[in-house]
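Can you look at this prediction? I've put the sequence above it.
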Amino acid sequence: MPLYTFKDTTTGDEFDLQLKLAEREKFLEANPELKQIITKAPATVSGVQGQHKTDGGFNELMSRIGEANPHTPLGRSVNPHPGRDVAINNAVDRYKKRAGIETTD
């Protein structure tokens, strides 16, 4: 449960309460003279800093998206296929260049 800081608008006193989100909403409705004060963002645990490896499931999902869209930059980076796909990609790039369509690689 998060720790919230409240201020009494009549007295100016500040105090902290540990409440669930639903409890906080009910608490503020029941006490209109109180207002929540945003002090700082809560500390979050995001793992070890430094180099992160992507999850195998995420890599699989990106591969499936790339396979479904082989002529997009994602498809080219995730699933680079030699041969016919390279020729198709080059033809698409030449068309976009002639048509003045901006590519995002």
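Ah, there it is.

Quick check: residue 10 touching residue 31?
No: under the criterion of Cβ atoms under 8 Å, residue 10 makes no contact with residue 31, lying 10.7 Å away. Just so you know, the C-beta spots here come from the backbone N, C-alpha and C atoms, and that holds for glycine as well.

Between these two, tell me which one has more neighbours.
Applying other Cβ atoms under 10 Å to residue 10 and residue 31 shows that residue 31 carries more neighbours, namely 11 against 8.

Return the backbone torsion pair for that one.
phi -130, psi 80 (degrees, to the nearest 10).

what helices or strands is the lowest-mean-pLDDT helix or strand in the chain leaning on?
Counting by mean pLDDT, DSSP states H and E, the chain has its least confident helix or strand at helix 73-78, which shows a mean of 78. Packing partners of helix 73-78 (3 or more Cβ pairs under 8 Å, 6 or more residues apart in numbering; DSSP states H and E): helix 56-68.
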